[in-house]
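**Student:** The amino acid sequence is not available; the structure is as follows:
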């Protein structure tokens, strides 16, 4: 792996990226990653990315939140069994409101944990193989090749209208 | 707008982060003086006691609660624009979403100070937290005031996380165009965001969930605030219409504040191409809609008072437009329901000066709405010999000036140091 070379082809148009990704499938080179300034469903489809699992964290947070909020309010109430305004000690309607707010709070916290966990943030290592133009107006396809194939890969990108950047190879897995 | 390139969008927004001139720092210094005035008044109140405010018996809720409800209301349109309009795929919200979210976060922070101020003995605030006393007696979760603590804390947490998460791709753009120490700061803040499609895949999903969760939250928060009043058996408060009425009013005032902030912002930063007339016009049209809902709510209150045959309700609704606070009532009624109707005229809603003046009038009207609701009902409730009159004291005015200064101080600091327009979302509009 240490001899592997990585080049990034920088494109301005999403359609160029999709065409290049299709062409790379039948080439000897492998796609390492694709960067873009904005999300694009067509590119995501071309990469065959599976559906994100962030929602499971959000759902788990929501379920935990509702029961935490409701049961917490009920627990505090049964500590003294003090009847207020003629309502039951464990009053369903007001405690449901507490449960609802906790549902939202914990869902959002679960969502953030999901983003950090499955989204791999923070990702300081990702900055090693990165070109700053990708946050501006370019989409970047990083492809790996063996050293002898570097010129051919460079030509491949240029033929499709890309600017080409040679990347420093990081030690982290692709 | 559609002729802009991605690079032009980035450059326009990055230009807003260039080192500011003397006039900016002069404004910041002026606002800071306002903050100091408010802080000084609060410190004075802490030393002397809450009696220095104009609150009395029976008007125990004065401008502190008015300002609390006002700022919570201002906070609402940020979430409307960033979450609800995101779910509806309203493209015009993209250029103003960041500033509106920022407004939300700072408005909730400002609102959150008022329960502390209103307490008088601010160090007793832990009585409002879910924490038992020595006898294991907990706060009463059946009280709407406890709903409020939970709702506002949740809203502050959620809106802050939503705001920061939405900024990640833009922070990466600033990082990629910065150098030196600034680059290091933005590298940390952007958490190593590189716009990999693997990251976008999770980000877009997570952002959608944020929007979907923030939408019911924003409706629940101002509903809960309205229940602080509606669950009390006070004439003028005890009504089921309060929750939707408060939510509509909150969005009405928040949208007006968005215009008040966006109009100078686009001029000063020369971002008219991004925050276009179409965007401002769309906000204006939404204000007409929310203004009609608010007007309908005002009319319904009067109708129900008449229809109920409840003499106490009927008295309070006769007294509001004709009694001691009639001026406040008519400012409220005209500014919130009549003035927005001028925006139906295209010539007016496409005039920057007219939009700015109307937005400020609505802000004033919405402040008075909270004044009328909170003060009039307790000033004249059930027993005539217990009626009272409330006028804010100089200390309350000082704290109010301080709260407005604090909000604008934080907002002005933000717009010069962080991207106040979402570059990523504007680019998505262009795509």
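**Tutor:** Great, that's in hand. Quick caveat: nothing in here was measured; it's all calculated off a predicted structure. Residues are numbered from 1 along each chain as shown, chains lettered A, B, ... in the order given.
**Student:** Strands of chain B, start to end?
**Tutor:** Using DSSP state E, no strands are found in chain B.
**Student:** mind checking how far the residue positioned nearest the centre of chain B is from chain A?
**Tutor:** For chain B, the residue sitting closest to the mean C-alpha position, by CA atoms, centre = their mean, is residue B:74 at 1.5 Å. Separation of residue B:74 from chain A (CB to the nearest CB, to the nearest Å) stands at 20 Å. C-betas here are computed from N, CA, C, even on glycine.
**Student:** Then residue B:216?
**Tutor:** Using CB to the nearest CB, one obtains 7 Å as the distance from residue B:216 to chain A.
**Student:** Count the residues that sit near residue B:90.
**Tutor:** 14 (other CB atoms under 10 Å in any protein chain shown).
**Student:** Enumerate every residue touching it.
**Tutor:** With contact set as CB atoms under 8 Å, 6 or more residues apart in numbering or on different chains, residue B:90 has these partners: residue B:282.
**Student:** re earlier: tell me the contacts of the residue nearest to the centre of chain B?
**Tutor:** Counting by CB under 8 Å, 6+ apart, residue B:74 touches B:103, B:107, B:111, B:250, B:253-254, B:257, B:407.
**Student:** Export the residues you listed to TSV and append columns for neighbour count, distance to residue B:196 and pLDDT.
**Tutor:** What follows is those, written out as TSV (neighbours: other CB atoms under 10 Å in any protein chain shown; distance: CB to CB, whole Å; pLDDT from 0 to 100):
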residue	neighbour count	distance to residue B:196	pLDDT
B:103	28	31	93
B:107	27	34	95
B:111	24	38	94
B:250	30	38	92
B:253	33	40	93
B:254	28	35	91
B:257	27	37	93
B:407	23	37	96
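**Student:** Which of these fall in helices?
**Tutor:** B:103, B:107, B:111, B:250, B:253-254, B:257, B:407 (DSSP state H).
**Student:** Now do the contacts for the most centrally placed residue in chain A.
**Tutor:** By CA atoms, centre = their mean, the mean C-alpha position of chain A lies nearest to residue A:119, the distance being 3.7 Å. By CB under 8 Å, 6+ apart, the residues touching residue A:119 are A:54, B:198-199, B:202-203, B:206.
**Student:** now do 6 Å
**Tutor:** For residue A:119, the contact set (CB atoms under 6 Å, 6 or more residues apart in numbering or on different chains) comprises B:199, B:202.
**Student:** Tell me the confidence at it?
**Tutor:** Note for residue A:119: predicted pLDDT of 85.
**Student:** distance of it from residue B:168?
**Tutor:** Taking CB to CB, to the nearest Å as the measure, residue A:119 falls 10 Å from residue B:168.
**Student:** Tell me the residues that contact both of those two, please.
**Tutor:** The contact sets of residue A:119 and residue B:168 do not overlap (CB under 6 Å, 6+ apart).
**Student:** Show me the longest helix that occurs in chain A.
**Tutor:** Per DSSP H, chain A has its longest helix at helix A:92-118.
**Student:** Helix or strand next in line after that helix, which one?
**Tutor:** Next along the chain after helix A:92-118, taking DSSP states H and E as the criterion, comes strand A:139-145.
**Student:** From the chain's centroid, how far away is the very next helix or strand once past that following strand?
**Tutor:** Once the chain leaves strand A:139-145, the next helix or strand it forms, by DSSP H and E, is helix A:150-159. Relative to its chain's centre, helix A:150-159 lies at 29 Å (CA atoms, centre = their mean, to the nearest Å).
**Student:** same deal with stretch B:220-229?
**Tutor:** Offset of stretch B:220-229 from its chain centre (CA atoms, centre = their mean): 14 Å.
**Student:** Let's test this: mean pLDDT of that stretch, rounded?
**Tutor:** 92.
**Student:** cool, stretch A:68-83 as well?
**Tutor:** Stretch A:68-83 shows a mean pLDDT of 92.
**Student:** Off-centre distance for that stretch?
**Tutor:** That offset, for stretch A:68-83, works out to 39 Å (CA atoms, centre = their mean).
**Student:** Ok, stretch B:230-247 next?
**Tutor:** 20 Å.
**Student:** same deal with stretch B:296-312?
**Tutor:** Put simply, stretch B:296-312 sits 28 Å off its chain's centre (CA atoms, centre = their mean).
**Student:** what residues are up against residue A:49?
**Tutor:** Neighbour list for residue A:49: residue B:201 [criterion: CB under 6 Å, 6+ apart].
**Student:** ignore the last one, residue B:391
**Tutor:** Residue B:391 neighbours (CB under 6 Å, 6+ apart): residue B:54.
**Student:** Now do the phi/psi pair for it.
**Tutor:** Backbone torsions of residue B:391, given as degrees, to the nearest 10, read phi -140, psi 130.
**Student:** From residue B:316, how far off is it?
**Tutor:** 19 Å.
**Student:** Least confident secondary structure element in chain A?
**Tutor:** Using mean pLDDT, DSSP states H and E, strand A:163-166 stands out as the lowest-scoring helix or strand of chain A, at a mean of 85.
**Student:** Which elements pack onto that one?
**Tutor:** strand A:5-11 (3 or more CB pairs under 6 Å, 6 or more residues apart in numbering or on different chains; DSSP states H and E).
**Student:** Next, the angle from whichever helix or strand comes after the strand it packs on to strand A:139-145.
**Tutor:** Next in sequence after strand A:5-11, counting helices and strands by DSSP H and E, comes helix A:14-25. Put simply, helix A:14-25 runs at 10 degrees to strand A:139-145, going by axes from the mean of the first three to the mean of the last three CA atoms, to 10 degrees.
**Student:** care to break chain A down by domain?
**Tutor:** Annotated domains of chain A cover A:5-50+A:123-166, A:54-118 [automatic domain parsing].
**Student:** Stretch B:169-181 - what's its average pLDDT?
**Tutor:** Taken as a whole, stretch B:169-181 has a mean pLDDT of 93.
**Student:** next one: stretch B:30-41
**Tutor:** Averaging pLDDT along stretch B:30-41 yields 97.
**Student:** you'd agree residue B:169 is up against residue B:424?
**Tutor:** Yes. In this structure, residue B:169 is within contact of residue B:424 by CB atoms under 6 Å, at 4.3 Å.
**Student:** Does the helix or strand of chain B with the lowest mean pLDDT reach chain A?
**Tutor:** One helix or strand of chain B scores below all others by mean pLDDT, DSSP H and E: helix B:85-87, with a mean of 86. No. Using CB under 6 Å from any CB of the partner chain, helix B:85-87 stays clear of chain A, coming no nearer than 13.3 Å.
**Student:** chain center to that helix: distance?
**Tutor:** Distance of helix B:85-87 from its chain centroid, counting by CA atoms, centre = their mean, is 19 Å.
**Student:** List of residues touching that helix?
**Tutor:** The set of residues external to helix B:85-87 that reach it, using CB under 6 Å, 6+ apart, is B:93, B:211.
**Student:** I am finished for the moment; much appreciated.
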